[in-house]
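S.K.: compute the structure for the input listed below.
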Amino acid sequence: MNPDFCNIFKEYFDERTIVGEDGNVVTPGKYPAMSGRGINAPEGHKKVLQSTSYFRIKNIQLGYTLPKNIVQKLKINNLRVFVNAVNPFLFTDYIGFDPETTSTEQSGGVRFYPVSKSISVGLSLKL
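M.R.: Numbering: from 1, shown residues only. Now for the predicted structure:
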């Protein structure tokens, strides 16, 4: 893979330092040069690394079983309603898609598959 053509975040690209072939800074920016060329490029890549530390709530389940005196009036033995949330919250300073993201390289490009989220609502009824 050519290091001059790779995926980077738009913020890094827009705010990058541009270094000429001679190693001198052509356009100063918030972030160091992002190519393999120039005297500060190898150090520059280290400066844009970021922590992928995170705290994720993987599963929340809330349920309520109706009292017997109410469900017996409806000629039901048991009635429970519930909500289940999978991966509902992620707390991180990471600016990427997801610190747990997996990727695959296909046809020369990297594709990211973030962790999915889902919410389920249910009703458990015993006659």
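S.K.: which residues does stretch 83-99 contact?
M.R.: 9, 11, 50-63, 112, 114-122 (C-beta atoms under 8 Å, 6 or more residues apart in numbering). Yep, even glycine has a C-beta here, placed from its N, CA and C like the rest.
S.K.: what about the residues you listed, which are in strands?
M.R.: Judged by DSSP state E, the subset of these located in strands is 54-63, 112, 118-122.
S.K.: which of those sit farthest apart?
M.R.: Greatest spatial distance in the ones in strands among the contacts of stretch 83-99: G63 and F112, 34.0 Å, computed using C-beta to C-beta.
S.K.: output stretch 62-69 as CSV, restricted to C-alpha atoms.
M.R.: Extracted in CSV, the C-alpha atoms of stretch 62-69 (Å, rounded to 0.1, in the frame of the first residue of the first chain):
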residue,chain,number,x,y,z
LEU,A,62,-35.4,-3.6,32.3
GLY,A,63,-38.5,-5.6,33.0
TYR,A,64,-41.6,-5.4,35.1
THR,A,65,-43.9,-8.2,36.2
LEU,A,66,-47.4,-7.1,36.8
PRO,A,67,-48.8,-7.9,40.2
LYS,A,68,-50.9,-11.2,40.5
ASN,A,69,-54.1,-9.3,41.6
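S.K.: just the mean pLDDT for that stretch, thanks.
M.R.: For stretch 62-69, the mean pLDDT works out to 95.
S.K.: what's the answer for stretch 29-37, then?
M.R.: Per-residue scores along stretch 29-37 average to 63.
S.K.: no further queries at this time; thank you.
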